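Asks: Starting from these lines, generate the structure:
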Amino acid sequence: MRQGMPKMTARVLTCLFIADTGSLTASELVQHLQVSPASVSKAIAALEDHGLIRRERGERRRERYFVDDDVWYQSTIESARGIAQVAETARRGVGILGRDSPAAARLENIARFSDFISESILRATEQVREVLHTKPEASSGGTATPGSDRG
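Replies: Reported below is the predicted structural model:
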């Protein structure tokens, strides 16, 4: 919720995260959260719009909602793309307003800031994904150690 997600949407996402299977049906979500089906439906739609969950038709034609291991990766990539779009829009504004106006100077700063943030997020996301998808190697003492490229 502190990242701007509505309370019910955050509750549904949390319920999916803590389910052992990583998936639940709408009726299971209603039961676990003790809320109306309409509340779950609205939250599911929001989560799908943000790419945080996916839906699959299961047995007896019931839809199941899943959180994937890459959900945060995909969500963060989409966020970085959105920030890059802000930079592009600001840059177009600079061209429209002319470089010498105070408003264009503000837009140029927005573009530069957004470019930096977007590129930093993309770099960090790729680094984290690489670390999370690298399996630890067993050392001679029987404990896991990071791969040799991790230092």
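Asks: Show me the residue at the heart of the chain, geometrically.
Replies: Centrality entry for the chain: nearest residue to the mean C-alpha point is Ser75, 2.1 Å, by CA atoms, centre = their mean.
Asks: which secondary structure elements does the host helix or strand of that one contact?
Replies: Assigned by DSSP states H and E, Ser75 falls within helix 71-97. When contacts are defined as 3 or more CB pairs under 8 Å, 6 or more residues apart in numbering; DSSP states H and E, helix 71-97 packs onto helix 102-132. All C-beta spots, glycine's among them, are computed from the backbone N, C-alpha and C.
Asks: which residues touch the nearest residue to Ile121 once chain neighbours are set aside?
Replies: Ranked by CB to CB, 6 or more residues apart in numbering and with sequence neighbours excluded, the top spatial neighbour of Ile121 is Ala80, at 4.1 Å. Ala80 makes contact with 117-118, 121-122, 125 under the criterion CB atoms under 8 Å, 6 or more residues apart in numbering.
Asks: and which of the residues you listed is nearest to Asp20?
Replies: Of all those, Thr125 has the smallest distance to Asp20: 26.9 Å, by CB to CB.
Asks: so what pLDDT did the residue lying closest to the closest one once chain neighbours are set aside get?
Replies: Across the structure, with CB to CB, 6+ apart as the measure, the residue nearest Thr125 apart from its sequence neighbours is Thr76 (4.9 Å). Thr76 is assigned a pLDDT of 86 by the prediction.
Asks: Listing request: residues of the chain with sub-threshold pLDDT.
Replies: Counting by pLDDT under 70, the chain has low-confidence residues at 1-3, 137-151.
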